[in-house]
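Peer 1: this is the structure alone, sequence omitted:
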């Protein structure tokens, strides 16, 4: 089992810096275990000075723990974010230093869910505009005829903890609730009474769409011009997650043209939003990132952060670990390449799976079967879940995330591997059909993907891969190459696997850059090609 805490501090009392202020209850809790210095926001220079002799630091959103700050804090063992997002902490730099990064992922769940409903009600009943009208001495009720939520369909994009709480509240209002989340099991969604839909189907069916997913490279502009056009005419949009999930220019156009009835926004791509095209729009209700801004949430955040900091400093287990802590060098030397392989298999599985993943079985065969499988399984789950949760996903959080989402995970160890010294194989049960992947190490260091379903390969993982399923007949490789060449997509390598001559073959291309969506569509339209998938490995 990997420890999830740093070594306890050897000083009689730990020195703890609170950089951005904290609810007094949290400060009092911290003072039970150390000497506490409280500041009201620090720039980089001031933070470096404050952390010169600190064992732990607690930040909120203003102070930034950059790599320079981290490197200048020789005693620092714990960095805690009193909140969910850790965008203001260089987690990689902290991990390299063996600093445990913590957050408080559940403390603002209720407040954010309630704020989502508050914004939805304000938008549906024109509350801000009506209140401003009365304040001006007006009494023009006919201008503010609203819409009832009862009987309407709410589409929730991201059915994690916050999305689940929003679902419960919307059902109590008599709404029909549907959701889109590829990584929540049908069983968990069923327990909430919420059917799962593809994103396009959800957009077309919903009177209101609310977003509750993290901002990643894959979810940035999740709702762009095309997706907004698929929404019902007059539909409402609520975003209390992250601003970059929505293309703000496209949203402004949809509102100006009257295709959407309105938008309620607690977050913007840039905050403060300054010149955002949405600020002041008559169809927009906006608040200054208030999702976690309740007295109860602030107290809960402070107490949870304090408890976790003290537990970590005392060498006790913690719940909100964001990064994987350092382990012994010999362990990393032995397991490190397998962890990288397992994570890459998880990432490929995420992008090739057809439908929600309900179960995962991992097989460790050959020499690797003698190792503890837990870190490798956690690495696979990290790749599988990366970018799908509002909480950071890593070796620590991924297994818990699997449990939260009702994903059945099992491990099998086999002493012998028929073809390789060591083999890591995975079988996924997914809504659109099973998926099997396998990988090994070349020279005990270099990952290889050697199997996709029944196709045998010798594929070196690369940042940009293109999977093409096609009829095994002459000319198919040339057709794919011609399309890519016409669009200046350079092919670096190619692997072909087939089961029987004349059947379906799998062509996997390593390309130098991401293949644009229109090019993927053009490839998919070629006669004899049954499916095309672009896979990106970070």
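Peer 2: Received, thanks. Since we're looking at a predicted model, the values are computed, not measured.

Peer 1: if I look at the residue lying closest to residue 441 once chain neighbours are set aside, what pLDDT would I see?
Peer 2: Closest residue in space to residue 441, ignoring its immediate chain neighbours: residue 337 at 5.4 Å, by C-beta to C-beta, 6 or more residues apart in numbering. In this view, the C-beta of every residue, glycine as well, is placed from N, C-alpha and C. Reading off the confidence values, residue 337 has pLDDT 91.

Peer 1: contact partners for the closest residue to residue 184 other than its chain neighbours?
Peer 2: Nearest residue to residue 184 in three dimensions, chain neighbours excluded: residue 159, at 4.7 Å (C-beta to C-beta, 6+ apart). By C-beta atoms under 8 Å, 6 or more residues apart in numbering, the contact set of residue 159 is 167, 179-181, 184, 188-189, 192, 194, 196, 212.

Peer 1: hang on, the earlier thing: how far is the helix or strand harbouring the residue nearest to residue 441 from where the chain is centred?
Peer 2: Assigned by DSSP states H and E, residue 337 belongs to helix 329-352. Helix 329-352 has its C-alpha centroid displaced from the chain centroid by 18 Å (C-alpha atoms, centre = their mean, to the nearest Å).

Peer 1: average pLDDT for the following helix or strand past that helix?
Peer 2: Moving toward the C-terminus from helix 329-352, the next helix or strand (DSSP H and E) is strand 357-366. The predicted model assigns strand 357-366 a mean pLDDT of 95.

Peer 1: same check on stretch 310-327?
Peer 2: 74.

Peer 1: now the spatially most central residue of the chain. Its backbone dihedrals?
Peer 2: Among the residues of the chain, the one closest to the centroid is residue 387, at 2.7 Å (C-alpha atoms, centre = their mean). Main-chain torsions, residue 387, degrees, to the nearest 10: phi 80, psi 10.

Peer 1: what does residue 240 give?
Peer 2: The phi and psi values for residue 240, taken as degrees, to the nearest 10, are phi -120, psi 20.

Peer 1: flag every buried residue along the helix holding residue 337.
Peer 2: Buried residues in helix 329-352, counted by 16 or more other C-beta atoms under 10 Å: 335, 337-352.

Peer 1: now do it against strand 357-366, angle only.
Peer 2: 140 degrees (axes from the mean of the first three to the mean of the last three C-alpha atoms, to 10 degrees).

Peer 1: just checking, what packs against helix 329-352?
Peer 2: Helix 329-352 makes packing contacts with helix 374-385, strand 422-430, strand 435-442, strand 446-452, strand 529-536 when contacts are defined by 3 or more C-beta pairs under 8 Å, 6 or more residues apart in numbering; DSSP states H and E.

Peer 1: now do the same contact list for the residue nearest to residue 506 when sequence neighbours are not counted.
Peer 2: Closest residue to residue 506 apart from its sequence neighbours, by C-beta to C-beta, 6+ apart: residue 455 at 4.3 Å. By C-beta under 8 Å, 6+ apart, the contact list for residue 455 reads 497-499, 505-506.

Peer 1: comparing the helices and strands packed on helix 329-352, which comes out most buried?
Peer 2: Most buried of these, by mean neighbour count (mean count of other C-beta atoms under 10 Å): helix 374-385, with a mean of 24.

Peer 1: show me what the very next helix or strand once past that one is packed against.
Peer 2: Next helix or strand after helix 374-385 toward the C-terminus (DSSP H and E): helix 397-404. Packing partners of helix 397-404 (3+ C-beta pairs under 8 Å, 6+ apart): helix 374-385.

Peer 1: just to revisit the earlier point, quick one: which of the contacts of residue 159 is nearest residue 252?
Peer 2: residue 212 (22.4 Å; C-beta to C-beta).

Peer 1: pretty sure that closest one contacts residue 165?
Peer 2: No: assessed by C-beta atoms under 8 Å, residue 212 is found out of contact with residue 165, at 9.2 Å.

Peer 1: these two: who's more crowded?
Peer 2: Using other C-beta atoms under 10 Å, the more surrounded residue of residue 212 and residue 165 is residue 212, with 28 against 20.

Peer 1: per-residue confidence for that one?
Peer 2: 94.

Peer 1: quick one, what contacts it?
Peer 2: Listed by C-beta under 8 Å, 6+ apart, the contact set of residue 212 reads 116, 156-160, 162-163, 166, 240-241, 390.

Peer 1: count of neighbours near residue 361?
Peer 2: Neighbourhood size, residue 361 [other C-beta under 10 Å]: 15.

Peer 1: how far away is it from residue 502?
Peer 2: Distance of residue 361 to residue 502, computed by C-beta to C-beta, to the nearest Å: 32 Å.

Peer 1: picking up where we left off before, the contacts of residue 212: which two are farthest apart?
Peer 2: Spanning the widest gap among the contacts of residue 212 are 159 and 240, at 14.7 Å by C-beta to C-beta.

Peer 1: mind checking how far residue 232 is from residue 209?
Peer 2: Relative to residue 209, residue 232 is positioned 9 Å away (C-beta to C-beta).
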